[in-house]
Structures are given as C-alpha cells and as structure tokens.
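Enquirer: What would the 3D arrangement of this be:
(2 chains)
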Amino acid sequence: MKQRLSAPSDVIDLAKIPGLDAITQADDVLQIGAMATHAKVTASSLVQEHCAALASLAGGIGDRQVRNRGTIGGSLANNDPAADYPAAVLGLNAEIVTDRRTITAEAFFKAMFETALEPDEIIQAVHFPQVEQAVYLKFPNPASRYAMVGVMLTRTAGEVRVAITGAAASVFRAAAFEEALTSDFRISAIDAVTLSAETLNADMHASAEYRAHLCKVLIKRGVEALSA
Amino acid sequence: MSGSLIGKSVLRKEDHRFVTGKGRYTDDVQLVGVTYATFVRSPYARADIKSFDISAALAAPGVITVLTGEDVTKDGLGGLPCGWMIHSKDGSEMRQPHHPVLAADRVNYLGEPVALVIAESQLEAKNAAEMVMVDFEPLTAVVNPATASQADTLYEAVPNNLCYEWELGDEAATDEGLANAAHVTTLQLTNNRLIPNAIEPRAALAEYNSGTDEIILHTTSQNPHLARLIMTAFVQIAPEHKLRVIAPDVGGGFGSKIFIYSEETALAWAAKKLGLTIKWTAERSESFLTDAHGRDHVSEAKLALSADGEFLALKVKTIANMGAYLSTFASAVPTYLYGTLLAGQYRTPAIYVEVDSVFTNTAPVDAYRGAGRPEATYLLERIVEKAAAEMGLDPAELRRRNFISRDQFPYQTPVALEYDTGDYEASLHKALEMADYDTFSARQTEAAARGKLRGIGLSCYIEACGLAPSQVAGALGAGVGLWESGEVRVNPTGSVTVLTGSHSHGQGHETTFAQLVADRLGLPIEDVEVVHGDTGKLDFGLGTYGSRSLAVGGSALSVAADKVVEKGRKIAAHLLRTDVDNIDFEAPVFKMIDSNESKTFQEIAFAAYVNHDYPSDELEPGLAEKAFYDPLNFTYPAGSHICEVEIDPDTGVVEIIQFVAVDDFGTIINPMIVEGQVHGGIAQGIGQAMFENVVYDDAGQQLSASYMDYTMPRADDLPNYSVHHASTTCPGNPLGMKGCGEAGAIGSPPAVINAITDAIGNNNLSMPATSCSESGRAVQASASNAN
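Expert: Numbering: from 1, shown residues only, chains lettered A, B, ... in the order given. Take a look at the predicted model:
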C-alpha cells in the first residue's frame, strides 16, 4: 500500500481476535496461532523446547520492528519466495489450519506469492509435529537480508527432510539430498549429489548456479551441525 | 589561553540539538498556507514526449495547479549549467546538452522530471500526479558507457555522445618509458557507480512574498550561494537580490547536495509564478533515481617498471560516464580531480592519461565523496599491487622504492600538481607496524589450517584538497573562484558570532570553527556561535566540498580573527592612551608592553560599540572583520591504509579482520571529529569495495533503486578501525591544515580489493566484491580452485 501497488477499500485487523495468537502444545504437536508475532514465537519457551530451530528462525526474520508486527499467518499467506517460515513449515512437515480445513505443507505452497488458500479463507493456526532434530541455516541477501538461500534440515525416525526457501519461485524440498541423507546421514553421502540450477532464481545479487552451490554448502553445514 | 583549544577533542556543540530531536531540517520548517508538490517523472530512460494532458489531474481533489515542461519553455527559463569548462585535446570546448528544469519534448533518463503537481496536501499531490497523462514514445536507450560512443546519438550537437576527449601529460615520454621497460603491468578495471545516500533526502520549501518580490528557498544545500547564483544568473527565475536561499540543518550530502537540480529550482520558480508557498521532500526512491550518482569509470592502465621495480611510466585510458546531462561540476571530476592525481605518492617520471567523457541515458554523475581522487587512487594502487605480485616483490617495498621522499618537496609531478609537503614513508611505516605486517604470513598459515583464505592489501593514497586556488582553478576552466569568506563579528558583551561561507551538513563546523576562533581570541567556546547556510545573513561563499572547509573557510576566519585582534589593539591603545605598537595581545588580554596596564577582550569589545570619544578619522566604532581567503595551492592530504581479510572458500564471503588507516591531515583542531570523518569515509570506501553498486538494465531501468537491492554497508559488515595520524604541517595556509573529509573514501577501496586479490591469488576482480556479485563468484571460484 505504501508503494501504491495496492489500494484496498478496507483493511481488517485480526490482531485483536482473542486466542488467535496463542501458542499451545498437545500430544506432541505444537500449535502456533496465526497472529503470533515472530517476536512472540522466538521468545516462547514452548517453541524453544519443542523445536529450537523454529524459535531461532523466527528470531532471524527481518528486524526488531518487523518481528513485533509480522505474524506467522501473514508470512505464510503471502508466501514470499524469500520468506523464512515456508521453509520451516515444509521442512518440519507442519499443517496449516484454516477456518474451514487443514492443509498439508506440501499442498499449501503453490507458486510465487500463491498458496492453496481461497480468497476468503483465513489461516487460524499452524501445527508442528515433533521432530527429532532440526536446524535452519540462512544465507542472507546482503542488501535486504532476506534469505538468498535458506535451508531447513530435519530428521525424524531416520527420515530426512530438506526444505529450501529463497532459491526458487517458491519453497521446495530437495529430494535427491533427502534420499541420500535418509540412507546415510553423513556429508560424504551427498558429495556427488547436486541441485539443478535450472529452476532457481537469478538476479543482480546471485546467479542460479551460485544459489545451487550455496544450497549444497548450507545442507552440508546442516548435516555437520546435526551430527555434532 | 591561546593554543588551549587546538588539538582537543571538544564534544560537538551541535549534537545536543541533533540527539534530542531539535535539529531543524528543511522538512521541519512549518509555514502557514503551505502547499505540496509532487513531480511527475519519466518511466523511461529515453523517450519523446508527444503531449501532456493535465485535465484529469487539474480536476482531482485538492489540486491547485499543474506545471509541465511546456510551462518552463514558455517562461523562457534557462537550462541548468555545468560550471567547469573542459577543452578536448583538439582545443574544442566540451559539448553540453541543454538540461531543462522540466523536460518538454524529450526525456533522457529514468526519473527525469517532466511536470509538477501542486496540491493542498501531499497525498492529493501524489494521487493527482498519477493522473497527469504524458504521451511518451520510448526510444532505444544508451546505457553502457564503454560502447556509448558507437551507439545512437542522443543529442544532435553531441556527435558520438562524447562530451570531451581530454588528455594530460606527455604521451611521447610515456610511450618511451613503456618501450624501455623491463616489465609492463596492465590492468583493466571498472570503478562502480554509486548512489550518495545522504540520510536526509533532498527537500525544498519555497515561499514568495509579493510585497517585497522576494523568494525565500529553504533547501538541502551544501552551498546556498551557488544555488542562488545559478538559479538567478543562469536559469533566471528572479534577480539575485530577490532570492534568498537558506540551507538549515542538512543531513549529509557527500557531494550530492552541491549540485543545482531541477526540483529545487522548479519549486522556487513556481512559488513566484503562482504566489504560493510550496514544499517538496524527496522520497527515497526519488533519491535513488535522481540524486547525482558517483564514480562510473571504465579504465585501462599500463605501468612500466625497470628490472628493480622503479616506475618508469604510467599510461591510462578512461571512459567516464556523465549520465544524461552535465551536472554542476561533473566535467571537472574525471579530469582535473582525477588525471592530476595519477602520480599518487610516486616519482613516476612520465604519465599520460586520456579521458573520454560520454553521455548515456542514466542519472547524471557528479562529485561524490572524493570525486575523481578515489578513481585515481583505485587505479594506481591496484596496478601497483598487481605489478608487485607479477614481479615477486613485496608490495610495501615496491611502494617504498618509488615514494617521493621527504626531502624532495615541493615536488612537481608530471600531471600538473606541485605537492607541497608530506612524508609517505613515515605513514606507511606506522601503518605496517600497526597492522603487524611482518607477521602476516603466520596468520595466513593459521587461517589456512581453519580452511580460510587470508589476504592483506595496501593502499597509499594522495588527494588534492582545499579546493582551490582560484587562479589555478580558473586556468583549468572553473566558472567560479574557489576562495571562501568568513566574518568574525564581536558583540558588545564580548561574545562572538562567526559567519562562514562554508556549510556544515554533518561535519561539525559549529564546533571546529568555534574552537578555532575561541582559541585565537582566548574565549570560552560557549561564547562563540557559528552561523552558516543563509544567503540573507552571509557574504557570498562557496560552500563545503573537496575537503575545503577548514583549510579554506577556516583560514578565512583565521585572517578575520587576526584583523579583529589588530583592531582591538588600536582600541586598546586609544583607551590606554598609548601607541598601538605598545600593545600586545595575549589572548584574551590586550597588554601594554611597557606597563602593567591591560584591557580584557570583553572590555575592548564593549568599548568598541559604546565609546563616544574615538578619533573618528583614525578609528571606526565597532569590532567586526571579514576576510575573503584564497588559498595559494591545493592541500595534499596523504596516507596509508591496510586491510586484512579472511574469505570463506565455500561461499566467497569476505570478512574484514582489521583495517588500519594512518593519515597526514596536517594540523588537527578536533581529533574526535577528524576520527569520525575517517571512520565515515572508510565505511563508504568499504561500501564501494564490497557492497554498493548501481545497476541499470539494457533499457535503462535501474534495478538497484531501493535498499532491498542497493547494499549499504551496515555496522555488522564493518570492522573496528585502527586510526592514527602522522602529520606534516601544510605550508599553504595559515592553519597548516590539509583536510580530512574525503580521505577515508579515497584510500580504502583499493586496500580492500588488494586484500581480497591477495587472498585468492586472482587479480581479475571488480567492485563490489560481495560474495554474491559477479566478482564475488570470481572470489568463490578462485577460492574453490585454490582449495
């Protein structure tokens, strides 16, 4: 609106709806209300205990002002290709709960700035199941500090998930890396694995090839971190 | 008391105002009945304007009127001139396309203003600006300076888009040096285009008083008198004495607020034409598109060396991008502020430089912190470092072998300048010691064990500051003399008002200038008030740029203070009934030499205004003295910078481990302020080397027009600096000063890049060397290979 790209007739503030920003836990599932700010998520002891990587991801979004205004629901509904939360939701195999249904992470993110949400559908909460290990590594764009590449690496019952944000039009899973690491969770297992640069973003800051290279570097560092 | 304030880190008088939010910037000035302006800008880099349709905008709510380029043409306004005439090799004058206040039939860069909407509120002006229908017919844009001379001709009167083809130095002698060389190092490089990014965007508030026929323009200017001169004598919006320009608190300039732009000029014109009070404050994206940019050179250089590393000759060919029009001082930057500096700190006997300045469909380029001198330093210090690597010599030793030595001053270079004084060996020695240069290889080995690439880079810079001796500047084509005015006005109670033609927009003049005058007169600094930035209060002045304020403006005040003392002695002699030769001034007391009788400065000041018994034929009442000081020579600050980096070979991320700066600024009045200037300059230099870059696409759209894409250096990108001074006194002015404002931005970029090339063993690198840019990928690729 500030940039005059959009001029809605009315703006509805959801911030004061009671409970919409609640963070609770039940049966190993962490529920974060759609209106929970990034600051609230990063400071929450529930989140920290359930998944420290998620708490630290929220603490690395934007700056202090953004973290006190921006919410998890808003970030997911916007699905900015360089946003951090989509990597968390996809990497942690979370579910999006709306006013009418529950959507899996896989089904939720459609394309750049595009999700499975209907025009009048509102996110109420996000459900994060328990994972054994998780780490989020971000390589920031030097100007905006958005993720030029962000990797959420998780491991549960031997199954590895690798969700990558920033590198392509929308968050995606790096299947070849997941397969290799699920069968052998060591850096050597992915030495020969590569990510095709073909569908990755290229701009004045980084070529697609450089982004592909960074993805692999961050995945390796993630494996190192989770093996330590 | 004299001498007690010079060299003291007195806290800045102005800071209480700034840190408590009491600064009064142009946008803070509130006037009754103010209206608001928004400019309609070209969305194309190059297009014909077929027609304007302002009917919808005129009918929009709150709109008072709309003025377009056609109104500017109808009113016969002059173009915005360039104040420095450069002659080509063949003696012909530079070519200067007409630079309209608002474009009427052709636009030549993205963001060029074509119309002005004035409304009762800012929002209404903005809304209506979107309703001004301009029928643009886009034309193919010329964007790349390297090929601009072979591209479409942008202006009929400018064949091959060449503003001038300039040269300096002895080509034959230089070619001979190259032919006789044992080794020739060649280097091609680009000096990246930058946006100044002052924290306060440009702004203007114009009011017109029909009773007095006076326009008052509050604006963000580094030199309000020059703004008044150009708007009146050249654009002819009013007679000079009917325009008052006030530059109140100004939040940074770095050169970008020297120049006279369309927007401020249009506002002053419209205020008088319509009898309105009008305000405009640029949005940040307008700053990105229309503030004069900096640098933007493409160069090739050859350095000839003897077998033992003696520099024999330097030959340079540079293409300088002027952008779409010649900004106020643009033509001088890649010539007399660049070519003349190519001797650096060295004895190179033969130097020849050619500069082709070209027009492109990009924002005008002009002086930005350092202006020409960073480009010269970058070229020279890169090629020297490359030569050292190629010849297997220690880069510090290679420099030492070629330094102009301390006993060779004054030293005439082959590129016009006569250096007055310096001690380059001393600065380098101190910098090497501070950087622990001798033990670098141990640190490199230790870093390698951690999988990191470590490099160290030097830069020994010189600059010509204290702009400028008017006679020299005039001979080189300057349209104005470059002296400065100053007045020391003693009030009856003995407090002092200092008026200066220099302008402070962050430099701390209210402190430094007060320190200087208080010291000279023996007064507490609180008793000295500095007034600047108002053509209604001050004598004509030339403003602040080129690290000139203290060396030139301060010298004017020094001369004026001396005159005050002289007048004071006469008054004291009169009061003490003795001869003036019998009076000494021991600040702050006027003493009789042959008795114990004396008068304090305050007594003299009071007497100057209230006494009734002056011999009117010998002594005028009052105690206020002026000086117009014209320097004898440029000043030559110089120094050595050393940067040490560590690079992550997996990602190409560069971390600056240490940055050492040892500078020779001559006499220093306030070390704290000087250190702040050095820090800021280095931050901008590191910004250029590692982060900042203006990118236009082939159509002339700017891809870097916001902070989402234009990388400003942030605190966590920068190291702690180790700053030291190794001073020699400047003989060219009464204060012995050289100037410090630009040094950091001049010396630092090659130190950073030399450190990176040292780490990766690859000299094919361009700025900005971010981990992500083209050159960053070179870092990363080289690093991977080196691994």
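Enquirer: For the residue of chain A found nearest chain B, give me phi and psi.
Expert: The nearest approach of chain A to chain B comes at residue A:143, 4.0 Å away (CB to the nearest CB). Using the backbone N, CA and C atoms, a C-beta is placed for each residue, glycine as well. The phi/psi pair for residue A:143 (degrees, to the nearest 10) reads phi -80, psi -60.
Enquirer: so how far is residue A:112 from it?
Expert: Distance of residue A:143 to residue A:112, given as CB to CB, to the nearest Å: 19 Å.
Enquirer: same thing with residue B:214?
Expert: Residue B:214 is 56 Å from residue A:112, where distance means CB to CB.
Enquirer: which of the two has more neighbours?
Expert: Neighbours were tallied for residue B:214 and for residue A:112 using other CB atoms under 10 Å in any protein chain shown; the higher tally belongs to residue B:214 (17 against 12).
Enquirer: neighbours around the closest residue to the more buried one other than its chain neighbours, how many?
Expert: Once flanking residues are discounted, residue B:214 sits nearest to residue B:242: 5.2 Å by CB to CB, 6 or more residues apart in numbering or on different chains. Residue B:242 has 16 neighbours, counted by other CB under 10 Å.
Enquirer: again with residue B:59
Expert: Residue B:59: 10 surrounding residues under other CB under 10 Å.
Enquirer: ditto for residue A:219
Expert: Residue A:219 has 26 neighbouring residues, counting by other CB under 10 Å.
Enquirer: what's the answer for residue B:50, then?
Expert: Neighbourhood size, residue B:50 [other CB under 10 Å]: 10.
Enquirer: where does it land in three-state SS?
Expert: Assigned by DSSP: H, G, I helix; E, B strand; the rest coil, the conformation of residue B:50 is strand.
Enquirer: what's the longest helix along chain A packed up against?
Expert: If you go by DSSP state H, chain A has its longest helix at helix A:208-227. Judged by 3 or more CB pairs under 8 Å, 6 or more residues apart in numbering or on different chains; DSSP states H and E, helix A:208-227 is in contact with strand A:133-140, strand A:147-156, strand A:159-165, helix A:175-183, helix B:774-786.
Enquirer: Domain ranges for the chain, per the record?
Expert: Picked chain A for this. A:23-128, A:133-227 (automatic domain parsing).
Enquirer: let's do chain B instead
Expert: With domains defined by automatic domain parsing, chain B comprises B:31-139+B:202-281, B:297-467+B:633-786, B:483-629.
Enquirer: looking at these, which is buried most?
Expert: The highest mean neighbour count among these, using mean count of other CB atoms under 10 Å in any protein chain shown, belongs to domain B:297-467+B:633-786: a mean of 22.
Enquirer: re earlier: redo the domains of chain B as CSV? Include mean pLDDT and distance to residue B:10.
Expert: As requested, these are exported to CSV (pLDDT from 0 to 100; distance: least, CB to CB, whole Å):
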stretch, mean pLDDT, distance to residue B:10
domain B:31-139+B:202-281, 97, 20
domain B:297-467+B:633-786, 94, 6
domain B:483-629, 95, 6
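Enquirer: mind listing what the residue in the stretch 201-350 of chain B positioned nearest to chain A touches?
Expert: Nearest to chain A, among the residues of the stretch 201-350 of chain B, is residue B:285, at 8.7 Å (CB to the nearest CB). Residue B:285 makes contact with B:705, B:706, according to CB atoms under 8 Å, 6 or more residues apart in numbering or on different chains.
Enquirer: Remind me which helix or strand it belongs to.
Expert: Element membership of residue B:285, judged by DSSP states H and E, is helix B:284-290.
Enquirer: One more: residue B:512?
Expert: Going by DSSP H and E, residue B:512 is part of helix B:509-521.
Enquirer: Could you name the helices and strands sitting against that helix?
Expert: Using 3+ CB pairs under 8 Å, 6+ apart, the elements in contact with helix B:509-521 are strand B:496-500, strand B:528-531, helix B:555-575.
Enquirer: before we move on, what SS does the closest residue to residue A:21 other than its chain neighbours have?
Expert: In space, residue A:21 comes closest to residue A:35 once its chain neighbours are excluded; the distance is 4.1 Å by CB to CB, 6+ apart. For residue A:35, the assignment made with three-state DSSP gives coil.
Enquirer: and residue A:35, how many neighbours does it have?
Expert: Neighbours of residue A:35 under the rule other CB under 10 Å: 22.
Enquirer: Let me know whether it touches residue A:23 as I believe.
Expert: No - assessed by CB atoms under 8 Å, residue A:35 is found out of contact with residue A:23, at 10.7 Å.
Enquirer: returning to what we had before: quick one: closest of the domains of chain A to residue B:706.
Expert: Evaluated with CB to CB, the domains of chain A place domain A:133-227 nearest to residue B:706, the distance being 8.6 Å.
Enquirer: Output the set of residues of chain A in proximity to chain B.
Expert: By CB under 8 Å from any CB of the partner chain, the residues of chain A that approach chain B are A:4, A:139, A:141-144, A:146, A:148, A:204-207, A:210, A:213-214, A:217.
Enquirer: out of those residues, which are buried?
Expert: The neighbour count (16 or more other CB atoms under 10 Å in any protein chain shown) marks A:139, A:141-144, A:146, A:148, A:204-207, A:210, A:213-214, A:217 as buried among the residues of chain A next to chain B.
Enquirer: Quick one: the helices and strands packed on helix A:208-227 as a markdown table, columns for distance to residue B:673 too.
Expert: Below are the helices and strands packed on helix A:208-227 laid out as a markdown table (distance: least, CB to CB, whole Å):
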| stretch | distance to residue B:673 |
| --- | --- |
| strand A:133-140 | 34 |
| strand A:147-156 | 38 |
| strand A:159-165 | 45 |
| helix A:175-183 | 54 |
| helix B:774-786 | 35 |
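Enquirer: Residue B:702: what's it in contact with?
Expert: B:110, B:111, B:288, B:289, B:363, B:694, B:695, B:696.
Enquirer: contacts with chain A among these, please.
Expert: For chain A, the contacts drawn from the contacts of residue B:702 by CB under 8 Å from any CB are residue B:695.
Enquirer: Determine which two of the contacts of residue B:702 are furthest apart.
Expert: By the measure CB to CB, B:111 and B:695 form the most distant pair in these, at 14.9 Å.
Enquirer: Now do the helix holding residue B:512 against strand B:496-500, angle only.
Expert: On the basis of axes from the mean of the first three to the mean of the last three CA atoms, to 10 degrees, helix B:509-521 is oriented at 120 degrees to strand B:496-500.
Enquirer: Can you dump the C-alpha atoms of helix B:509-521 in CSV for me?
Expert: Below are the C-alpha coordinates for helix B:509-521, written out as CSV (Å, rounded to 0.1, in the frame of the first residue of the first chain):
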residue,chain,number,x,y,z
HIS,B,509,31.7,23.1,11.9
GLU,B,510,29.7,24.7,14.7
THR,B,511,32.3,23.1,17.0
THR,B,512,35.5,23.2,15.0
PHE,B,513,35.1,26.7,13.7
ALA,B,514,34.1,27.9,17.2
GLN,B,515,37.2,26.1,18.6
LEU,B,516,39.4,27.8,16.1
VAL,B,517,38.1,31.3,16.8
ALA,B,518,37.7,30.8,20.6
ASP,B,519,41.3,29.6,20.7
ARG,B,520,42.6,32.6,18.7
LEU,B,521,40.7,35.1,20.9
